[in-house]
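A.B. asks: Using only what follows, build the 3D model:
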Amino acid sequence: MNLSSMLATRNESGRPVRVGIIGAGKFGSMMLAQAKCIEGYHVVGVADLNVAKARESLKRVGWDEVQYSAKTLADAYKSGATCVTDDVAALVAFEGIDCIIEATGHPLAGTRHALMAIEASKNIVMVNVEADVMCGPILAKKAREQGVVYSMAYGDQPAFICELVDWVRSCGFELISAGKGMNYEPRYRYSTPDTVWSFFGWSDEEVAAGDFNPKMYNSFTDGTKAAIEMAAVANGTGLDCPDDGLAFYPAGLQDLAQVFKPASDGGRMPKTGLVEIAASQEPDGREVLNNIRYGMFVTFKAPDEYTRACFKQYGLLTDKSGWYGSMWRPFHLIGLETSVSVLSAVLRGEPTGSSKEFRGDAVATAKCDLKAGDMLDGEGGFAVWANAIPASKSRALDALPIGLAHNVRLKNAIAKDQVVRFSDVELVNDADIVALREEQNGMLVDGSR
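C.D. replies: Just a heads-up that it's a prediction; the model follows:
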């Protein structure tokens, strides 16, 4: 709780925290909006394949053009300005940068960028949860071996869930479950980029007036993003994914402790120690009272009668028995809060959540009957959705992670809701990622038992 004072002390000594950002999309723009407000926090460079669009992002979030006018990274370092470039390798290799933020959202590129940063002895904040869920455990291991920090991004839900889990354990309560809220109904599962806007209730005119990516929004709608994030949380906390994937139980904050406790004790969870989703919609479309659509939660159990009584005395929301309680954070502001991860990594040498073992996986699953020769279009597309399952089950099924389901051709027909296997697809130019996944299998923990 002293990052700002630590930053001020460091800045007074003439050593601002120097940052490089890869990706100037929505998340990157939000980070840049706040970066200009933090004294001693210097964005040396922003790398994006579309330099013009990156410059537009800086302008849109209130940067003066002179602030991002540095011609080179060296000029930016000396002047305190920012260099906008399309050269990721140069940004990562630049000696003066303390921390790289990977915010492209592209799982393959993000994994490669993270490896580059680690090999260059740079701390890395992995906004790119798509890459993290695919290769995070092995990337974090390589970072530790290199003596740098590999961190989830504060502001995004997985990091906050890890923080809540740590709170439960630090207090000595028994951790029961953890997860996040989400707008979800069962019919959303088969949403496509063509149908997604109807689920948001937006008109064609509203969509046309905005800068919206239909695949990204569809990933949030069809449950893929939930699977990606919850599998990443499993890898970072030691919790497990349900054997058959996320159930999306509807629950408002007043019912979290009642719903997300074991079925053997009157709840809906098959066992303790699982990640799950609190849906904000009932299956018939009715909105859940006091839903936590934008929030994160944990449920936990009192160890004895004295603590149970304290739960009641201090107004904790509990289940009917009073033994199970819940804690939640009602919102997350994604990129507006990511500087906390950067400062924690650079000033404390600590991640704000990080994959420790390979427990959960987000695997590609057919949205419809697919034929041999069909192309998979990845996260949020027309062909597949992601299911969060134990990594041991994924390994046994030879399941294809959703991060490798982009622009690949099927060799075999796949029935609707069937998991796509490595042997079902033709992978081209992905040998390095496949090899990294094979190495990661050595960190596999069987969470299905």
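A.B. asks: Could you give the number of residues near residue 312?
C.D. replies: 12 (other CB atoms under 10 Å). Where you see a C-beta, it was placed from the backbone N, CA and C, and this is true even at glycine.
A.B. asks: any idea how far it is from residue 300?
C.D. replies: Per CB to CB, to the nearest Å, residue 312 is found 15 Å from residue 300.
A.B. asks: ok, and what's touching stretch 320-331?
C.D. replies: 160, 164, 167-168, 173, 176, 253, 256-258, 260-261, 265-267, 292, 294-302, 308, 311-312, 316-319 (CB atoms under 8 Å, 6 or more residues apart in numbering).
A.B. asks: now residue 131, what's its secondary structure?
C.D. replies: Of the three states, residue 131 takes helix according to DSSP: H, G, I helix; E, B strand; the rest coil.
A.B. asks: Nearest residue to it in space, ignoring adjacent ones along the chain?
C.D. replies: residue 110 (3.3 Å; CB to CB, 6 or more residues apart in numbering).
A.B. asks: And the pLDDT at the one you found?
C.D. replies: Predicted confidence (pLDDT) for residue 110: 98.
A.B. asks: what about the strands in the stretch 1-150 of the chain?
C.D. replies: 17-22, 41-47, 83-85, 99-102, 123-126, 150-152 (DSSP state E, counting those that start in this stretch).
A.B. asks: Redo these as a markdown table? Include mean pLDDT.
C.D. replies: Shown next, in a markdown table, are the strands of the stretch 1-150 of the chain (pLDDT from 0 to 100):
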| stretch | mean pLDDT |
| --- | --- |
| strand 17-22 | 98 |
| strand 41-47 | 98 |
| strand 83-85 | 98 |
| strand 99-102 | 98 |
| strand 123-126 | 98 |
| strand 150-152 | 98 |
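A.B. asks: From the contact counts, what lies against the helix or strand bottoming out on mean pLDDT in the chain?
C.D. replies: Lowest by mean pLDDT, DSSP states H and E among the helices and strands of the chain is helix 204-209, with a mean of 79. With contacts defined as 3 or more CB pairs under 8 Å, 6 or more residues apart in numbering; DSSP states H and E, helix 204-209 has no packing partner among the helices and strands.
A.B. asks: now that helix: how far from the chain's centre is it?
C.D. replies: Put simply, helix 204-209 sits 28 Å off its chain's centre (CA atoms, centre = their mean, to the nearest Å).
A.B. asks: what element comes up after it heading to the C-terminus?
C.D. replies: Next helix or strand after helix 204-209 toward the C-terminus (DSSP states H and E): helix 214-221.
A.B. asks: quick one, the helix or strand just after that following helix and helix 214-221 angle?
C.D. replies: On the C-terminal side of helix 214-221, the nearest following helix or strand under DSSP H and E is helix 224-237. Counting by axes from the mean of the first three to the mean of the last three CA atoms, to 10 degrees, helix 224-237 lies at 60 degrees to helix 214-221.
A.B. asks: just checking, next helix/strand downstream of helix 224-237?
C.D. replies: strand 249-250.
A.B. asks: Output the below-cut-off pLDDT ranges for the protein.
C.D. replies: Scanning the chain with the threshold set as pLDDT under 70 gives 210-211, 447-449.
A.B. asks: Neighbouring strands of the lengthiest strand in it in the sheet, and parallel or not?
C.D. replies: In the chain, with assignment by DSSP state E, the single longest strand is strand 174-182. Sheet pairing of strand 174-182 (DSSP bridges) gives strand 274-279 (parallel), strand 296-301 (antiparallel).
A.B. asks: burial measure for residue 40, as a count.
C.D. replies: Neighbour tally, residue 40, other CB under 10 Å: 19.
A.B. asks: List the residues that contact it.
C.D. replies: Neighbours of residue 40 in contact, by CB under 8 Å, 6+ apart: 7-8, 10-11, 16-17.
A.B. asks: of the residues you listed, buried ones?
C.D. replies: The neighbour count (16 or more other CB atoms under 10 Å) marks 7, 10-11, 16-17 as buried among the contacts of residue 40.
A.B. asks: Mind putting those residues into a markdown table with distance to residue 391?
C.D. replies: Putting these into a markdown table (distance: CB to CB, whole Å) gives the following:
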| residue | distance to residue 391 |
| --- | --- |
| 7 | 37 |
| 10 | 39 |
| 11 | 42 |
| 16 | 40 |
| 17 | 35 |
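A.B. asks: any idea which of the residues you listed is closest to residue 187?
C.D. replies: Set against residue 187, the nearest of these by CB to CB is residue 17 (45.9 Å).
A.B. asks: For the closest one, give the beta-bridge partners.
C.D. replies: residue 41.
A.B. asks: got the contact list for it?
C.D. replies: 7, 10-11, 40-42, 98-99, 342-343, 346-347.
A.B. asks: quick one: the helices in the stretch 51-200 of the chain?
C.D. replies: 51-60, 73-79, 88-93, 107-119, 129-146, 157-171, 196-200 (DSSP state H, counting those that start in this stretch).
A.B. asks: Check the stretch 251-400 of the chain too.
C.D. replies: Under DSSP H, counting those that start in this stretch, the stretch 251-400 of the chain gives helices at 256-259, 305-313, 339-343, 391-397.
A.B. asks: Using a markdown table, lay out the ones you listed together with distance to residue 279.
C.D. replies: A markdown table is the format used below for the helices of the stretch 251-400 of the chain (distance: least, CB to CB, whole Å):
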| stretch | distance to residue 279 |
| --- | --- |
| helix 256-259 | 10 |
| helix 305-313 | 25 |
| helix 339-343 | 28 |
| helix 391-397 | 23 |
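A.B. asks: So for residue 234, which of those sits nearest?
C.D. replies: helix 391-397 (8.1 Å).
A.B. asks: List the buried residues of stretch 300-320.
C.D. replies: Of the residues in stretch 300-320, 300-302, 308, 311, 316-319 count as buried by neighbour count, 16+ other CB under 10 Å.
A.B. asks: Stretch 80-94 now?
C.D. replies: Here stretch 80-94 shows 81-85, 88, 91-94 as buried, counting by 16+ other CB under 10 Å.
A.B. asks: Out of those residues, which is nearest to residue 215?
C.D. replies: residue 88 (22.2 Å).
A.B. asks: So what's the residue count around the closest residue to the closest one other than its chain neighbours?
C.D. replies: Spatial nearest neighbour of residue 88, excluding adjacent residues (CB to CB, 6+ apart): residue 47 at 4.6 Å. The burial count assigned to residue 47 is 26, neighbours taken as other CB under 10 Å.
A.B. asks: ok, now how distant is residue 47 from residue 354?
C.D. replies: 23 Å.
A.B. asks: Same check on residue 227?
C.D. replies: 20 Å.
A.B. asks: more neighbours, those two?
C.D. replies: Counted by other CB under 10 Å, residue 227 and residue 354 do not tie: residue 227 has more neighbours, with 29 against 24.
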